[in-house]
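[1] Starting from these lines, generate the structure:
(chains A and B)
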Amino acid sequence: MATVDIREVRKAFGSTQILHGVSVGIEDGQFVVLVGPSGCGKSTLLRMLAGLENITGGEIAIGGRVVNNVAPKDRDIAMVFQNYALYPHMTVFQNMAFSMKLAGAPAAVMEREVGKAAKILGLEQLLHRYPRQLSGGQRQRVAMGRAIVRNPQVFLFDEPLSNLDAKLRVQMRSEIKELHQRLKVTTVYVTHDQIEAMTMADLIVVMNHGRIEQAGAPLELYDRPANLFVAGFIGSPAMNMLEGRIENGVFHGPGGVAWPLPPGAPASGDVIYGIRPEHLHLDPDGGLPATIHVVEPTGSETQTLMHVGGAPVIGAFRERISARPGEILRVSPDMSLIHLFDKGTGQRI
Amino acid sequence: MSVTAAEGWVRRSQDQSWLSKLLDWKPLLVVMCLLPAVGLLLVFLTYPLGLGIWLAFTDTTIGRSGVWVGLENFEYMMEDPIFWNAVFFSVFYTAVATVGKFGLGLWLALLLNNHLPFKSFLRAIILLPWIVPTVLTAIAFWWIYNPQFSIISWVFIELGLRDTNIDFINTAWPARWSLIGANIWRGIPFVAISLLAGLQTISPSLYEAALLDGSTGWQRFRYITFPMLLPILAIVMTFSIIFTFTDFQLVYAITRGGPVNATQLLATLAFQRGISGGQLGEGAAIAVAMLPFLIFATLFSYFALARRKWQQGEAND
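    Residues are numbered from 1 along each chain as shown, chains lettered A, B, ... in the order given. Sure thing, here's the model as predicted:
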C-alpha cells in the first residue's frame, strides 16, 4: 500500500500536448477514479503511472519514491487492462502465476498464492480453463486475480468494465468495490462512465482536454460542481442549463421566463442557470408553465421532457404523471439546489 | 375514371415459366455451380496426376506408348544409386533450407515488426526476391557462382583474402551448399511476410501485461510471441517444405543436377530421365516416389494445424 503523488505531469506525443500539467495527491488506500470523455488524457495518465508511457514533464511518485525512470516491473503496481490482456495460450492458473514464474518462484508458492487469489474471486473451479472458455465476467475476474497475486502497492484499472453487458457491469462494479474494501490497496481506476465514478470512488478526478476540471468526493462534485463541464458531466440525466441574464435581481431565461433565484445571487450579469432534473418539483399552485413533449415513466420516477419558454428542460419527478404531450405542467426548482455559472468563464458563481 | 382504376388495382401474382422453375430447382443449381470448379480440378489436377501414376507402371518412352510393366520401374529405381542420391539431396536440401529460411525469416519478421523509419518501404523491398521469376533468380545466382566471373570471388580477391576464384558449383558439396543458399535467399520473403502478418495479430496489450509482470525481452519472445505464432508457423512451414521439396527451377537452371548428379533433386532427376532421356515411364516412377514424402508433409500439417485447445471457444470441458 502506498500514496501516489502526481505533480505537474505533462505528456506530449510529438507536438501534440495530451496532458497540460496535472497534479493529484492520492492517499494510502484511497480509491481514485479518473473520469472524463474520450481523449481527455485519463488513460494516458494511467499508463504513465504504470510506466507504459514515458513522462514528458513533471513527476510521479509511488510511496514517496519518484518513479519517472523506474521500469514498469519495478514500480510495484498491477494493472487490469480494458481487454483484460489475458494470455490466450495459458490456463487461468498459468495466467495468474505468470509473474511468479518469471520471478522463478517454486511451484508450491505459486499454488498457494494463486489459490488464495482464486478463493477471493471464486475462481477455484476455473483454474484449468483457457481464457476462451470463460465468460466476460470470469475473464474480468481472472485479470483481477492476476493483479492480486502480484500483491502490489497500487492497483491500476483501465476501463475494466466497458466490455461487459449492463447487468454484469453493475455486478462487477460492486465486486471491485468490495475487493478494495477488503484488500485496502490504493487504487486508480479509469472510466468514462460517471455512474461508475460516483458509485466507486473515494475521490473523483474529472478530466477534460488534458486538464483537471475538478477533483473531490463524489457528492461534493454533485452538490457543488466547480464549472459547467463538471456540472454537465456528473449526474444523469444531465443538469438543465439555461442561458439568460440577471437584471435587478431577477433571472430572465429563454423566452423571457423569470426563474426564481436563490438568496445571495448576484444582482446582474449574463449567467447560465443550472438545475438538475431531480431538483425540479411539480408545483400546481405557482410554478412556471412547462409544455410536455415526452413522458418516460421508469417506475421509480417519471422523466419528462418539457419546454419552458421554448427551451428544453428535463424533469425527473417522484410522482407519476398522467398528463399527455401538449398539456401544461407547472414546475418550480428547489431554491437551495440552483447552480449559477458565469457565462463567459463557465465557472461557478 | 382514373380514380376507380387506381382503387381497383390488385397486385397480380405472376406465374413462373418452366425455365425459371427449372432454374429455381436446387439440385440443378448445385450441379451448375460446382461444375466449373470440379471441371478445372479434374482436367488440370486429377487427370495429370492419374496419368503420371499410370505412366509409372508402364515402359512408355517418348513417341511410343508403352505397356503395363507392373513394378519394374520401381524395382529398377530401388537399385539405382543416382535415385538414392537424389532422395538424400532432396531431404537434405529441404531440411537445411527450411531451417535457414525460418531462422532468418523469423528474425527479419521480428525486426520489421518494430517501429522503423520507412517501414512500409522496407517491407515492400523484402518481398522483391519472391516476386522475381525463379529463373531470373537462378540466372543471377549462376553468375554469382560462376567459376570465372563470380562477384563473390572477385570481392575476396580484391580484398586480398584469397588468391584464386572460389569453386562454387563444380564440386559436389560446395555446389549443394550454393544451391541451398540460393533457395534460402528466395524463400525468406515468403516466411518473413507470413510471420510478420502473424506477429501483427498478437495484441500489444499482452506485451504490456507481460512487461508489468516483470518479463525480459527474451521471456516475452519465449512465452508470448513464440507460442502465439506457432499456429501460423506450422502452416507456413508446411507450405515451405512442400515447395522446397518439389523445387526444380533453381537447381535445373544453375547446375542441371551436376556435377555428376551430385545436386539432383527428385524433380530434376525425374525430368532428366523422363523428358531429356525420353524414358517417360521411369521419369514418372521417380516423380511418383515423391508422393509419400509430400503426403507425410501434408499429414504433418493436418495434425500440427489442428486447432490447439486454447484456440477453441466452445468446449467448456
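
[2] and residue 85, what is it in contact with?
    By default, I'm working from chain A. A:143, B:203, B:205, B:206, B:208, B:209 (CB atoms under 8 Å, 6 or more residues apart in numbering or on different chains). Bear in mind the C-beta positions are built from the backbone N, C-alpha and C, glycine included.

[3] The chain in question should be chain B.
    In this structure, residue B:85 makes contact with B:261, B:262, B:264, judged by CB under 8 Å, 6+ apart.

[4] and if you look at residue B:270?
    Residue B:270 is in contact with B:283, B:284, B:286, B:287, B:290, counting by CB under 8 Å, 6+ apart.

[5] Ok, residue B:257 next?
    B:251, B:263, B:264, B:265, B:268, B:269, B:272.

[6] what's the most distant pair in those?
    The most widely separated members of these, counting by CB to CB, are B:263 and B:272 (11.7 Å).

[7] More neighbours: these two, which one.
    Shown here are residue B:263 and residue B:272; by other CB atoms under 10 Å in any protein chain shown, residue B:263 has more neighbours (27 against 20).

[8] want to throw the contacts of residue B:270 into JSON lines with pLDDT?
    JSON lines is the format used below for these (pLDDT from 0 to 100):
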{"residue": "B:283", "pLDDT": "90"}
{"residue": "B:284", "pLDDT": "91"}
{"residue": "B:286", "pLDDT": "92"}
{"residue": "B:287", "pLDDT": "91"}
{"residue": "B:290", "pLDDT": "91"}
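
[9] what's the burial count for residue 275?
    Defaulting to chain A. Residue A:275 has 22 neighbours, counted by other CB under 10 Å.

[10] think we crossed wires, I meant chain B
    12.

[11] before we move on, what about the one 5 residues further on?
    When neighbours are defined as other CB under 10 Å, residue B:280 has 23 of them.

[12] list the contacts for it?
    Here residue B:280 is in contact with B:55, B:60, B:61, B:62, B:66, B:274 (CB under 8 Å, 6+ apart).

[13] Restricted to buried residues, select the residues you listed in PyMOL.
    To isolate in PyMOL the members of these that are buried, counting by 16 or more other CB atoms under 10 Å in any protein chain shown, one can use:
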select buried, chain B and resi 55+60+61+66+274
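
[14] So which of the contacts of residue B:280 reach chain A?
    Checked against chain A using CB under 8 Å from any CB of the partner chain, these give no members in range.

[15] which of the contacts of residue B:280 lies closest to residue B:14?
    After measuring the contacts of residue B:280 against residue B:14 - CB to CB - the closest member comes out as residue B:55, at 57.4 Å.

[16] My reading is that that closest one lies in a helix. Confirm?
    Yes - applying DSSP: H, G, I helix; E, B strand; the rest coil, one finds residue B:55 inside a helix.

[17] how much space between it and chain A?
    Per CB to the nearest CB, to the nearest Å, residue B:55 is found 48 Å from chain A.

[18] where does the stretch 201-317 of chain B dip in pLDDT?
    Where the stretch 201-317 of chain B drops to pLDDT under 70, the residues are B:305-309, B:311-317.

[19] one more time with 90
    Where the stretch 201-317 of chain B drops to pLDDT under 90, the residues are B:201, B:203, B:212-217, B:227-243, B:246-263, B:273-282, B:293-317.

[20] Tell me where it has strands.
    Counting by DSSP state E, counting those that start in this stretch, the stretch 201-317 of chain B has no strands to list.

[21] Please enumerate the helices of it.
    B:204-212, B:217-220, B:226-245, B:249-254, B:266-271, B:280-288, B:291-305 (DSSP state H, counting those that start in this stretch).

[22] so which of those comes closest to residue B:22?
    Among these, helix B:291-305 comes nearest to residue B:22, with 40.5 Å by CB to CB.

[23] Look at residue A:87 and say how many residues are nearby.
    Neighbour count for residue A:87, taken as other CB under 10 Å: 21.

[24] Spell out which helix or strand contains it, please.
    Residue A:87 is part of no helix or strand, with elements assigned from DSSP states H and E.

[25] what's the nearest residue to it if we skip its chain neighbours?
    Among residues not flanking residue A:87 along the chain, residue A:95 sits closest, at 5.4 Å (CB to CB, 6 or more residues apart in numbering or on different chains).

[26] surely the one you found meets residue A:131?
    Yes - between residue A:95 and residue A:131 a contact is recorded at 7.1 Å, counting by CB atoms under 8 Å.

[27] Which residues are in contact with each of those two?
    What both residue A:95 and residue A:131 touch, as defined by CB under 8 Å, 6+ apart, is the set A:86, A:87, A:142.

[28] Now render these as TSV, adding pLDDT.
    As requested, the shared contacts of residue A:95 and residue A:131 are arranged in TSV below (pLDDT from 0 to 100):
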residue	pLDDT
A:86	92
A:87	92
A:142	93
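
[29] which of the residues you listed lies closest to chain B?
    For the shared contacts of residue A:95 and residue A:131, the closest approach to chain B (CB to the nearest CB) belongs to residue A:87, at 6.3 Å.

[30] Give me the phi and psi for that closest one.
    Main-chain torsions, residue A:87, degrees, to the nearest 10: phi -70, psi 110.

[31] just checking, it touches residue A:97?
    No - contact criterion CB under 8 Å: residue A:87 and residue A:97 do not qualify, at 10.9 Å.

[32] And stretch B:141-160, how far out from the chain middle?
    On the basis of CA atoms, centre = their mean, to the nearest Å, stretch B:141-160 sits 30 Å off its chain's mean C-alpha point.

[33] quick one: contacts of that stretch?
    B:162-170, B:178, B:182, B:185, B:250, B:253-254.

[34] Now which of the residues you listed would you call buried?
    Neighbour-count burial (16+ other CB under 10 Å) is assigned, among the contacts of stretch B:141-160, to B:165, B:166, B:168, B:169, B:178, B:182, B:185, B:250, B:253, B:254.

[35] In CSV: these, plus distance to chain A.
    What follows is those, written out as CSV (distance: CB to the nearest CB, whole Å):
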residue, distance to chain A
B:165, 51
B:166, 46
B:168, 44
B:169, 45
B:178, 40
B:182, 36
B:185, 33
B:250, 37
B:253, 43
B:254, 42
